[in-house]
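K.L.:
Can you look at this prediction? I've put the sequence above it.
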Amino acid sequence: GMQAQTQVIAHRGFWKTEGSAQNSITALEKAAEEKLYGSEFDVQVTLDGKLIVNHDAKFQGFVIAETPYKQLKKIRLNNGEKLPNLKKYLKKGKKLDIQLILEIKSHKSKEVEDKMAADIVKMVKKMGLEKQVEYIAFSLNVCEQLAKLTPESEIAYLNGDIAPAELKKKGINGIDCHYNVIEKHPEWVKEAHDLGMKVNVWTVNKEDMMKKLIDRKVDYITTDQPLELKKLLE
Ligand code: MG
């Protein structure tokens, strides 16, 4: 059937540019300035349950899950910006015309993951961002929680080890996998599309792979090189 053209998602925001940094609010603004489809970012929880935006479990010497927010909020990113908390980040996102691709990071405790998912969905709904936020996670548990909490949302599983039809049965309506997974299972693109599911692929920074995936008609490509991908699509 007809599929819309592949769209661009900036991985951890558009950070490979002057004054930006991975997962910074600036990177989100820069992605919106480039009129990309979406900007991806990572959400973790502190010891005391505060939701913050950062990729690594350990950041500037602190293990985020074992450190209270009070200690983390002083940390500066590479561009001088303070470590953003999720509320502040979403508040900025609401003012911008870009999809917010929210990755919930895995946690060793199911209980903590469940609470993260519940708190995040509650915040998103309270802020009226249900249509602008799309969820992604490596944790199958997180995806299953999201399917229960917010079944109308876009929810994609990142791990690439479960076929689209199996995910669909669990209420998970997208796949977001490494490009090697699509090389191994090119049939998953059609399988997903036939089920009304979206296909996103990460993290594609080389032009030949971008071209391959555009030809495969994936819905989204997540990249650290959003301008290069945009140029290819034009
Ligand atoms: Mg991520």
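P.N.:
It's in. Numbering: from 1, shown residues only.

K.L.:
and this protein, which residues reach the ion?
P.N.:
Counting by Cβ under 5 Å from the ion, the chain comes close to the ion at 42, 103. Every residue, glycine included, has its C-beta placed from N, CA and C.

K.L.:
Bridge partners for whatever residue of the chain ends up closest to the ion, pull those for me.
P.N.:
Taking Cβ to the ion, the ion has its nearest neighbour within the chain at Glu103, 4.0 Å off. Glu103 forms beta bridges with Asp42, Ile136, as assigned by DSSP bridges.

K.L.:
Begin at 400, not 1, for the rest of this chat.
P.N.:
Let's use 400 as the start, then, which means that last one is Glu502.

K.L.:
Okay, it and Glu553: tell me how far apart.
P.N.:
To Glu553, Glu502 is 13 Å away according to Cβ to Cβ, to the nearest Å.

K.L.:
before we move on, what about Val603?
P.N.:
Counting by Cβ to Cβ, the gap from Val603 to Glu553 is 19 Å.

K.L.:
Checking my notes, Ile500 in a helix, right?
P.N.:
No. Counting by DSSP: H, G, I helix; E, B strand; the rest coil, Ile500 is not part of a helix but strand.

K.L.:
Which neighbouring elements make contact with the longest helix anywhere in the chain?
P.N.:
Criterion DSSP state H: the longest helix present in the chain is helix 509-525. Under the contact criterion of 3 or more Cβ pairs under 8 Å, 6 or more residues apart in numbering; DSSP states H and E, helix 509-525 touches strand 437-444, strand 450-452, helix 485-493, strand 498-503, helix 539-548.

K.L.:
can those go into JSON lines with extra columns for mean neighbour count?
P.N.:
Shown next, in JSON lines, are these (neighbours: other Cβ atoms under 10 Å):
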{"stretch": "strand 437-444", "mean neighbour count": "25"}
{"stretch": "strand 450-452", "mean neighbour count": "23"}
{"stretch": "helix 485-493", "mean neighbour count": "18"}
{"stretch": "strand 498-503", "mean neighbour count": "25"}
{"stretch": "helix 539-548", "mean neighbour count": "20"}
